[in-house]
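A.B. asks: Need a 3D model of the following:
(chains A, B and C)
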Amino acid sequence: MRNVPDFLRPNKRNAWLAFVALGLLLLVLPFATDALLGRGWVRIVDFALLYIMLALGLNIVVGYAGLLDLGYVAFFAVGAYTYALLGSPQFGLHLPFWIVLPIGATLACIFGALLGAPTLKLRGDYLAIVTLGFGEIIRIFLNNLNAPLNITNGPQGISQIDAIRVAEFSLGRSQELFGITLPSVHLHYYLFLALTLLVIFISLRLQDSRIGRAWMAIREDEVAASAMGINTRNIKLLAFAMGATFGGVAGGLFAGFQGFVSPESFSLMESIMILCMVVLGGMGNIGGVVLGGVLLVVLPEALRNGAGPVQQVLFGKTLIDPESLRMLLFGVALIVVMLWRPAGLWPSSQRQRELEAHDGEAQQEQDTVYDASR
Amino acid sequence: MEILLQQIINGLVQGSVYALVALGYTMVYGILGLINFAHGEVVMVGAMVALAVIKVLLATALSPVLVLLLSLLAAVGVCMALGYGIERVAYRPLRHAPRLAPLITAIGVSIVLQTLAMIIWGREYHAFPQLLPNASHSIGGAVINEVQIAIVLVAVLMMAGLLLLVHRTRLGRAMRAVAENPSAAALMGVNINGVISTTFMLGSALAAVAGLMVSANYGIVHYYMGFMLGLKAFTAAVLGGIGNLRGAMLGGVMLGLIESLGAGYSGALTGGMFGSNYQDVFAFIVLIAVLIFRPSGLLGERVAERA
Amino acid sequence: MLRNSGALLFSALLASMLLGCGKSETTSTNTSGDALVVKIGAAAPLTGAQAHIGKDNENGTRMAIEDANARGIMIGGRKAHFELLSEDDQTDPKAATIVAQKLVDARVNGVIGHLNSGTTIPAARIYNDNGIAQISPSATAVAYTAQGYKTAFRVMANDAQQGRVLGEFAAKNLQARNIAVIDDRTAYGQGIADEFIKAAEASGAQIVAHEYTSDKAMDFTAVLTSIKGKKPDLLFYAGMDPQGVPLVKQLKSLGLNAKFMMGDGGYTPKMIELAGAAAEGMYASLPGVPLDQMPGGREFAKRYEAQFKQPIQLYAPYCYDAVNVMISAMQKAGSVESAKYLQELAKISHDGVTAKIMFDEKGDLKGGAITLYQVKQGKWSVIETVGGAPAAKH
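C.D. replies: Sure thing, here's the model as predicted:
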């Protein structure tokens, strides 16, 4: 139970109280946000939840199993396009979301295993470039499969995607529930929240399972892990497949929420952003990854809205385009946070200990300058 | 036939461009085992600085050759300082940090350099003036111009020069010692930090040369040019076996040829199914295929498997 | 530990909220008690690479609103006062939906925007769901109005109309028999290339090659070499000028002797500035009539420059027209509610600055004009304007 956040431990005195408080906070969050900042911000919170799901999925691959994946957005794309193709006028199919979402997740899972298969023997940096290539290949196919047979509608993307709907209950429009009017973005919030919590739960359970320990063993030393009788091939494939599945689910939700998908939403930069969430927040630690996801979605928005007015106040005019300033601060933040806390803002306790250990000893063992703590 | 010859020349030139940049990647990786993801942006800064100097000097009555040399010197100088700074600020403090930490700082540096370039030089594309006459030559019906010839030559010369440096000089021996085992090297009296800084500065100087050659070839410079170039060069370096100088050259030229021949003939070969729109797909598929059979690239050494 | 974790999350959220309380910009003047307040939303990128074009859109919209307030418009027997709510969509589809949501929340009576197709399409769904009229001044992708939304309109010719004009012009006026096409695989490039090919083939030309590149490429020698082998007499590049410049240079240095043509992505001063002699003789197009030939064009340009201290960038006149079309529909319906004036908007006939504006059943501009230009002696000069119903003189 080492890595379980303390508030989930049953033996704490205030645990239940805290749990209920957090639950209430999450329940009223959309209403509070709506009232304080406007509904646009509820939408931002929705996106934050999607990215948390993505970051948690990537965390399985990068954080647990230690496999550097630079093409993770491909699975997001697979999920999104599956939903788009099966729930839009593109093929005239309008399957309900509770069928489409599992199909998308399964497809993403298969793609994850497909990506994993040829990369089993590759080490860190070689793995990075192959996964990056895989992500690009998927994007290029999505971008070009409009001829000779029109499947993805090419760069034009797919529009008019069905809203997420169960029977007559559609998340695409406001609904009355228990006398409260819930607008579309609030409805999406609760669905995304439920699935995010599910993903968190699965991640927690995986972490302390046999599989989770096998992943971490591979991360620390693959040769030793296989010597201990771990089937490294299957376990690595499983990591890719699991991570991809989460990505596929998030992708399906994105398509239903946005109503429009096009290949430009699945660029390499998006993969890099998700990786930054994982590493910045704290690889291998669920709380850290969630924090990373929230920060990297909400902060840029806040900077974008805040940078202009702050400059106005300070200098009386806009010196630097807020968009440029946002990117600049983002880049600086990545550097500063990593220098300040190399294991992430909220690292897993286990990693923390390893790091401390490394400072004192074991320096002689390193093979190259930067190899210290593979 | 002349079309095929032209495609081979196209691939060779494009491949040499990749190789120029890949040499810098591989140089740093070979010594430090670290991917300097910001390398592409250093190339861009080199091109931008060279352009800025040229613009200033063109107003004077200096001869074009001198202008070109001075701009090259300025670009090399700025890039070396930049390379030194990047290593000091973003990489050195993270030497014993988790593996992914320097990767994230590298991405950070990359974003900062790109944004700064955008703020300083603007978002628009700039024309890179043609300073020297650039005559075209015909070889069996195919054309190649002098800038392109220069790119191929410079790439080969740079590789040869680096090989000499690494294998025949005192500094090179120190570099290899650091690459082999930094702690042992330190015990033997090698100034590790000095060697690492020098490596970075050298890599950045190469980037400056690459930046100038690339912009002279395409006649256009912009703040975003480093990203794609860096990515392709990184692919090339991995294809050849990252850390191996000959591998960077081989990988670059191979990638260039795959792209030009792929774009040129794939459409006809697949009956129009997969045309030049799948150019990058071919490149990545070849990369993956190579890595399946040789997990350390074409010329990479087999390192003991580590997680 | 809970206090740590929960508090951390919460404080991060809180901090960001405090930081991000930049509310939408509103030009609100004192409104007298009985005036009917009409909120017009505007959405375009106000930051980022296209900020200057987005600001230009906002200016055009603002000018129309100030004019309307000065004129004193009566709607349904009440004096209307117009307010502008301008939002920044950052050219990002995700941000566009957030912005659309903000405008819907603010209960705008209609929206002028967005600038790009990639943002206009996803935002249109939100406006449609809430029954708010949307007129895009500049989104040209066919898909925008093909979604079947009764709320979506545009006052500019779409990519299909432009591609068709270019294709016919290449085959008929320029007498090109063998045509090669390169498209950059963006929504814009692909859309315009496909229509170009259809029209050129229908006019008797043959497409000898259809090659591809990307909007980040710099080297085109491979596709150009392969095109050279097909000996075309015209090459059409469907993309933007950053690629057009090195492409046309490499075209010349490979010795490919074909006429060179682009869509509106090539009609820029930058194209000539950067490509220099290589651009001489190339063709490009721009939807709409040249500003000089617009019925109220010169006067509009003069007033615009006087007010905003800069020349018109691109689409300001279209924004100006979009607002006026919307107001005119409101007047006809005697209501500012989208639900009431949408029918009037669909059958409007309005003499605008850019053209006589009428919509077809999809919401597209009827008979949108396209103007063709050629580089002559280092300058863009008008060749001819195709289609488009000129508006009556004011």
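A.B. asks: going forward, measure contacts between C-alpha atoms and count neighbours the same way
C.D. replies: Fine.
A.B. asks: Which residue ranges of the stretch 151-300 of chain C form helices?
C.D. replies: Taking DSSP state H, counting those that start in this stretch as the test, the helices found in the stretch 151-300 of chain C are C:159-168, C:187-202, C:221-228, C:241-253, C:269-275, C:297-308.
A.B. asks: next one: chain B
C.D. replies: Ranges of helices within chain B are B:2-32, B:39-58, B:64-86, B:100-121, B:146-168, B:170-180, B:182-187, B:192-218, B:225-240, B:245-269, B:279-293, based on DSSP state H.
A.B. asks: sorry, back to before: of the helices of the stretch 151-300 of chain C, which approaches chain A most closely?
C.D. replies: Of all the helices of the stretch 151-300 of chain C, it is helix C:187-202 that lies closest to chain A, at 4.6 Å by C-alpha to the nearest C-alpha.
A.B. asks: in the closest one, what counts as buried?
C.D. replies: C:187-201 (16 or more other C-alpha atoms under 10 Å in any protein chain shown).
A.B. asks: Nearest to A:L268, out of the helices of chain B?
C.D. replies: helix B:225-240 (10.6 Å; C-alpha to C-alpha).
A.B. asks: any idea of the mean pLDDT in the closest one?
C.D. replies: When pLDDT is averaged over helix B:225-240, the result is 91.
A.B. asks: what's next to it, contact-wise?
C.D. replies: Outside of helix B:225-240, the residues within contact range by C-alpha atoms under 8 Å, 6 or more residues apart in numbering or on different chains are A:126, A:129, B:18-19, B:21-23, B:25-26, B:37, B:39-44, B:243, B:246-252, B:254-255, B:287, B:290-291, B:296-300, C:216.
A.B. asks: which among these end up buried?
C.D. replies: Judged by neighbour count, with 16+ other C-alpha under 10 Å as the criterion, the buried members of the contacts of helix B:225-240 are A:126, A:129, B:18-19, B:21-23, B:25-26, B:37, B:39-44, B:243, B:246-252, B:254-255, B:287, B:290-291, B:296-300.
A.B. asks: Run through those and flag the ones next to chain C.
C.D. replies: Within the set of the buried ones among the contacts of helix B:225-240, contact with chain C (C-alpha under 8 Å from any C-alpha of the partner chain) is found for no member.
A.B. asks: In chain A, which residue is most central in space?
C.D. replies: In chain A, the residue lying closest to the centroid (C-alpha atoms, centre = their mean) is A:L54, at 1.8 Å.
A.B. asks: what residue ranges in the chain score low on pLDDT?
C.D. replies: In the absence of a named chain, chain A is used. Low-confidence regions of chain A, defined here as pLDDT under 70, cover residues A:1-13, A:307-308, A:316-318, A:350-374.
A.B. asks: wrong chain, I was asking about chain C
C.D. replies: Residue ranges of chain C with pLDDT under 70: C:1-34, C:388-394.
A.B. asks: which residues of the stretch 151-300 of chain A fall in strands?
C.D. replies: A:165-166, A:169-170, A:175-177, A:180-182 (DSSP state E, counting those that start in this stretch).
A.B. asks: re earlier: now the helices of the stretch 151-300 of chain C in a markdown table, with distance to chain B?
C.D. replies: As requested, the helices of the stretch 151-300 of chain C are exported to a markdown table (distance: least, C-alpha to the nearest C-alpha, whole Å):
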| stretch | distance to chain B |
| --- | --- |
| helix C:159-168 | 20 |
| helix C:187-202 | 11 |
| helix C:221-228 | 5 |
| helix C:241-253 | 6 |
| helix C:269-275 | 5 |
| helix C:297-308 | 22 |
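A.B. asks: Tabulate those (TSV), appending distance to B:A142.
C.D. replies: Compiled in TSV, those are given as follows (distance: least, C-alpha to C-alpha, whole Å):
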stretch	distance to B:A142
helix C:159-168	31
helix C:187-202	29
helix C:221-228	10
helix C:241-253	11
helix C:269-275	23
helix C:297-308	50
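A.B. asks: Chain neighbours aside, what residue packs nearest to the closest residue to chain B within the stretch 251-374 of chain A?
C.D. replies: For the stretch 251-374 of chain A, the nearest residue to chain B under the criterion C-alpha to the nearest C-alpha is A:G331, separated by 4.2 Å. With C-alpha to C-alpha, 6 or more residues apart in numbering or on different chains as the criterion, A:G331 has its nearest non-adjacent residue at 4.2 Å, and that residue is B:G108.
A.B. asks: isn't that neighbour right next to A:V332, touching?
C.D. replies: Yes. With contacts defined as C-alpha atoms under 8 Å, B:G108 counts as touching A:V332 at a distance of 6.3 Å.
A.B. asks: when you scan stretch C:231-244, is anything in it near chain A?
C.D. replies: No. Contact check for stretch C:231-244 against chain A, using C-alpha under 8 Å from any C-alpha: none in range, with a minimum separation of 12.8 Å.
A.B. asks: buried stuff in that stretch?
C.D. replies: Of the residues in stretch C:231-244, those buried by neighbour count under the rule 16+ other C-alpha under 10 Å are C:231-244.
A.B. asks: which one among the residues you listed gets closest to A:E222?
C.D. replies: If you rank those by distance to A:E222 using C-alpha to C-alpha, C:Q243 comes first, at 46.0 Å.
A.B. asks: Report the separation between that closest one and C:A275.
C.D. replies: Distance check for C:Q243 against C:A275: by C-alpha to C-alpha, to the nearest Å, it reads 11 Å.
A.B. asks: Among the buried residues of stretch C:231-244, which one sits closest to chain B?
C.D. replies: When these are compared for distance to chain B, the smallest value, 6.8 Å, is given by C:P242; criterion: C-alpha to the nearest C-alpha.
A.B. asks: Spatially, what comes nearest to that closest one if we skip its sequence neighbours?
C.D. replies: The shortest distance from C:P242 to any residue that is not its chain neighbour, by C-alpha to C-alpha, 6+ apart, is 6.8 Å, and that residue is B:Y125.
A.B. asks: Next up, the contacts around that neighbour.
C.D. replies: By C-alpha under 8 Å, 6+ apart, the contact set of B:Y125 is B:I220, B:V221, B:H222, B:Y223, C:P242.
A.B. asks: okay if I get those as a markdown table plus distance to A:A241?
C.D. replies: What follows is the contacts of B:Y125, written out as a markdown table (distance: C-alpha to C-alpha, whole Å):
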| residue | distance to A:A241 |
| --- | --- |
| B:I220 | 43 |
| B:V221 | 42 |
| B:H222 | 39 |
| B:Y223 | 37 |
| C:P242 | 40 |
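A.B. asks: May I ask which two of the residues you listed are separated the most?
C.D. replies: Every pair in the contacts of B:Y125 was compared (C-alpha to C-alpha); the two farthest apart turn out to be B:Y223 and C:P242, at 12.1 Å.
A.B. asks: The residue lying closest to A:M283 once chain neighbours are set aside: how many residues sit nearby?
C.D. replies: Closest residue to A:M283 apart from its sequence neighbours, by C-alpha to C-alpha, 6+ apart: A:G63 at 4.7 Å. For A:G63, the count of nearby residues is 26 (other C-alpha atoms under 10 Å in any protein chain shown).
A.B. asks: A:G63 contacts A:G284, correct?
C.D. replies: Yes. A:G63 lies in contact with A:G284 (C-alpha under 8 Å); the separation is 4.1 Å.
A.B. asks: and whatever residue of the stretch 51-200 of chain B ends up closest to chain A, what does it touch?
C.D. replies: In the stretch 51-200 of chain B, the residue that lies nearest chain A is B:G108 (4.2 Å; C-alpha to the nearest C-alpha). Under the criterion of C-alpha under 8 Å, 6+ apart, the neighbours of B:G108 are A:F330, A:G331, A:V332, A:A333, A:L334, A:I335.
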